[in-house]
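> sequence below, structure please.
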Amino acid sequence: MTARNEIKKLLQKAVKQLYKKDIEIKIDRPTEPAFGDYSSNIAMILKKDPKEIAGKIKSDILESVEVKKGFINFFISKKY
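Modelled structure (predicted):
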């Protein structure tokens, strides 16, 4: 499984747990390295707190998950 697909799966699980919704999730590669290896605007689409969603995401492939300007940003672990 690719990192992008793993993150998508993690977001889908978090959204389902928090909001009981199944929605299509888009994962992008930020142009600025400071914004992570991948990011998603899912919180803006749902009009929900991105910190709440980010707080539900845990995975061995992720070094960290941060929220900046409404986007949830993912940093991939160097081990992965």
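> the lengthiest helix in the chain - contacts with which helices or strands?
As assigned by DSSP state H, the longest helix anywhere in the chain is helix 3-19. Based on contacts counted as 3 or more C-beta pairs under 8 Å, 6 or more residues apart in numbering; DSSP states H and E, the elements that helix 3-19 packs against are strand 38-40, helix 42-46, helix 50-55, strand 71-76. (Each C-beta comes from the backbone N, C-alpha and C, glycine too.)
> and residue 13, which of these is closest to it?
helix 50-55 (10.5 Å; C-beta to C-beta).
> okay, now the sheet partners of the helix or strand that comes right after that closest one, with direction.
Once helix 50-55 ends, the next helix or strand along the chain (criterion: DSSP states H and E) is strand 62-68. When sheet partners are counted by DSSP bridges, strand 62-68 sits next to strand 71-76 (antiparallel).
> just the buried residues of the strand it pairs with, please?
Across strand 71-76, burial judged by 16 or more other C-beta atoms under 10 Å covers 71-74, 76.
> equivalent analysis for stretch 3-15, please.
3, 6-8, 10-12, 14-15.
> so for that stretch, mean pLDDT?
In this model, stretch 3-15 has a mean pLDDT of 96.
> who touches stretch 25-32?
The contact list for stretch 25-32 (C-beta atoms under 8 Å, 6 or more residues apart in numbering) reads 4, 7-8, 11-12, 15, 36-42, 71, 73.
> go again using 10 Å as the cut-off
The contact list for stretch 25-32 (C-beta atoms under 10 Å, 6 or more residues apart in numbering) reads 2-12, 14-15, 35-42, 45, 68, 71-74.
> buried ones in stretch 23-33?
For stretch 23-33, by 16+ other C-beta under 10 Å, it's 25, 27.
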